[in-house]
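S.K.: got a predicted structure plus its sequence, pasted below:
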Amino acid sequence: MVSLNHTIVHARDTEATARFLTEVLGLPPHRRLGHFVVVQIGEVSFDLIQTDAAISSRHFAFLVSEAEFDAIFQRVKDREIPFWADPFRKHSGDVNQWDDGRGVYFDDPNGHLLEVITRPYGSGGLDAKRPNPLLTR
C-alpha cells in the first residue's frame, strides 16, 4: 500500500508557521527534526524548512469533520484572517457548500493557500443540492 508520509513545505519563519498551523487547525504541538520543524497532520507531516528564497505558493486541502470545521473557521475569524469560498479568491468572506458540505480557503503566513473541507471533492455527485463545480464543467 502506498501512502503519503510527509511533504517539505518552504517557510520564511518555520516556528511561526508551525504555530500558525497547529493553532488554527487545532493540531498537536510541532517538533524539531534536524533542520525541519515538523507539524503532524494525521498520518502525514508537513516538514517545514526555512528559506530566504522566493516561495512559490502551494495549495493544501484538509478534510475535517463538521465540528472541526466549526472550530477552525471560528479561529480563522477570531484572528481576522481573510477567507474565501473559492480558490481564485473571488468570493471573499464566504464559505462554499459544494457537495452539500462546507469549504473555506485562507492563506498561511507564507502565502500558501489552505483549504478546509467537510466533504471530499465530487462526493455529493450531481445529485447534491450544491454539486462541486468541477463536476459541472
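M.R.: Everything's here; your move.

S.K.: show me what contacts the closest residue to residue 119 other than its chain neighbours?
M.R.: Counting by Cβ to Cβ, 6 or more residues apart in numbering, residue 119 lies nearest to residue 101, which is 3.0 Å off, once chain neighbours are set aside. Where C-beta positions appear, they are placed from N, C-alpha and C, glycine not excepted. Shown in contact with residue 101 (Cβ atoms under 8 Å, 6 or more residues apart in numbering): 117, 118, 119, 123, 124.

S.K.: at 7 Å instead, please
M.R.: Shown in contact with residue 101 (Cβ atoms under 7 Å, 6 or more residues apart in numbering): 117, 118, 119.

S.K.: state the distance from the second one to residue 95.
M.R.: To residue 95, residue 118 is 10 Å away according to Cβ to Cβ, to the nearest Å.

S.K.: more neighbours, the two?
M.R.: residue 118 (21 against 16; other Cβ atoms under 10 Å).

S.K.: closest one of the contacts of residue 101 to residue 10?
M.R.: For the contacts of residue 101, the closest approach to residue 10 (Cβ to Cβ) belongs to residue 117, at 23.7 Å.

S.K.: reduced to three states, what does the spatially most central residue of the chain come out as?
M.R.: Nearest to the geometric centre of the chain sits residue 114, at 3.1 Å (Cα atoms, centre = their mean). Three-state assignment for residue 114 (DSSP: H, G, I helix; E, B strand; the rest coil): strand.
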